[in-house]
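> sequence and predicted structure, then a few things I'm wondering about:
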Amino acid sequence: MRRGLYWLALAGVLAVTPLWARAQQSTGTHASKAVRKQTAAVARQRAEVQRLQRDVAAQESGSRAAAERLKQRDAEIAELQRQLQTAQQSGAAAGKGR
C-alpha cells in the first residue's frame with residue numbers, strides 16, 4: 001500500500017515539474033505567482049516522497065526483523081522436534097528391553 005503511495009507521489013512530482021518549468025518562462029506578476037505556487041507544490045510533493053520513502057524503509061526493516069524472528073523460531077522448533085524424536089526412540093528402546 002505504501003509503495004503505491006510512494007509511486008503516486010513520485011508521479012505527482014513528475015507531472016508538476018513541466019508545469020513549474022513552463023510557469024518560469026512566463027512573465028509578469030501572474031507568472032511569478034504561478035511559479036511560487038508550483039514551487040511550493042513541488043516542495044510539498046518532494047517532502048511527501050521523502051516521507052513515503054522513510055515509511056517504506058521502516059516497513060522493510062520491520063519485515064526483515066520479523067523474518068529473522070520466524071527463522072529463529074523455525075530453528076528452535078526443528079531442534080525441539082529432533083529432541084522429541086530422540087526421546088521417543090529412547091523410550092521405545094527402553095520399553096523393548098523390559
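Thanks, I have the structure now.

> show me what the helix or strand Glu68 falls within is packed against.
Per DSSP states H and E, Glu68 falls inside helix 28-96. Counting contacts by 3 or more Cβ pairs under 8 Å, 6 or more residues apart in numbering; DSSP states H and E, helix 28-96 packs against helix 2-25. (C-beta placed from N, C-alpha, C; glycine too.)

> what ranges in this protein fall below the confidence cut-off?
1-3, 13-14, 16-29, 97-98 (pLDDT under 70).

> distance from the chain centre to stretch 7-15, please.
Centroid separation for stretch 7-15 versus its chain: 18 Å, with Cα atoms, centre = their mean, to the nearest Å.

> er, stretch 89-98 I mean
Worked out by Cα atoms, centre = their mean, stretch 89-98 lies 53 Å from the chain centre.

> with stretch 78-93 instead?
With Cα atoms, centre = their mean, you get 41 Å for stretch 78-93.

> list the contacts of it.
Residues from elsewhere that reach stretch 78-93 (Cβ atoms under 8 Å, 6 or more residues apart in numbering): none.
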